[in-house]
Structure formats: structure tokens, C-alpha cells
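**Q** What follows is a protein structure lacking sequence information:
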């Protein structure tokens, strides 16, 4: 998976959160986190800032168990599934 895919998925997760779809955002964040781990890379400062803001937003909107479950769902997705979710209306 290209590094840029993880960045884009995380950014689209932030857009989903701003649009009011916290569940979609949590799944996309779960996928992005898994991708960063698989690629063995660290977030650049701007990516880390988006990650922190998105995480805070999800904490404010969802209960911890729900956030964890949704992020686990996202982590289990294939790249194609994550992209399909990210680009869905």
C-alpha cells in the first residue's frame, strides 16, 4: 500500500467527522492507523496534528467502546474497502 493512501484515508476520515459521520471517521482512522503500523512509518507533523484533532473529535462524539470497535473494523478492512468507504457519500 502506498504511504499516500494512508494519509488520504486519514484526511477523508477528518472530513467525515466534520460532516457529522463519526462512525465512518472512526473506521477510516482505524484503517489509517493499521496502515501506518504495517508500513512501519511515523506521521509527519501535519498528519499528526490531523490525527490528534480527529481523535479528540471522536472522543467527544462517541463512547470509548464504540470508538474502539469501529476502529477495529477499519483496521480489518482491505485497502479497496477503505477507499470505497472513504469515497462513499
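**A** Happy to help now that I have it. These figures come from a predicted structure and were not determined experimentally.
**Q** rest of the way, CA atoms for contacts and neighbours
**A** Fine.
**Q** same for the helix or strand where residue 28 lies, what does it pack against?
**A** In the assignment (DSSP states H and E), residue 28 maps to helix 22-39. Taking 3 or more CA pairs under 8 Å, 6 or more residues apart in numbering; DSSP states H and E as contact, the helices and strands that helix 22-39 lies on are helix 3-18, helix 45-61, helix 64-75, helix 79-87.
**Q** could these be laid out in JSON lines, adding mean pLDDT and distance to residue 35?
**A** As requested, those are arranged in JSON lines below (pLDDT from 0 to 100; distance: least, CA to CA, whole Å):
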{"stretch": "helix 3-18", "mean pLDDT": "95", "distance to residue 35": "6"}
{"stretch": "helix 45-61", "mean pLDDT": "96", "distance to residue 35": "13"}
{"stretch": "helix 64-75", "mean pLDDT": "97", "distance to residue 35": "8"}
{"stretch": "helix 79-87", "mean pLDDT": "96", "distance to residue 35": "9"}
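**Q** Among those, show me which one is buried the most.
**A** Ranked by average neighbour count under the criterion mean count of other CA atoms under 10 Å, the helices and strands packed on helix 22-39 are headed by helix 3-18 at a mean of 20.
**Q** Do I have it right that residue 42 meets residue 36?
**A** Yes - counting by CA atoms under 8 Å, residue 42 does reach residue 36; the two are 6.7 Å apart.
**Q** Which one of those two is surrounded by more residues?
**A** Under the criterion of other CA atoms under 10 Å, the comparison of residue 42 against residue 36 puts residue 36 first, with 17 against 11.
**Q** thinking the more buried one is in contact with residue 44, fair?
**A** No - counting by CA under 8 Å, residue 44 is not a contact partner of residue 36; they are 11.1 Å apart.
**Q** okay, and the common contacts of the two?
**A** Residues touching both residue 36 and residue 44 do not exist when contact is defined as CA atoms under 8 Å, 6 or more residues apart in numbering.
**Q** thinking again about what came up before, so for residue 27, which of the helices and strands packed on helix 22-39 sits nearest?
**A** With respect to residue 27, and counting by CA to CA, the nearest of the helices and strands packed on helix 22-39 is helix 64-75 at 4.0 Å.
**Q** Cheers, nothing more for now.
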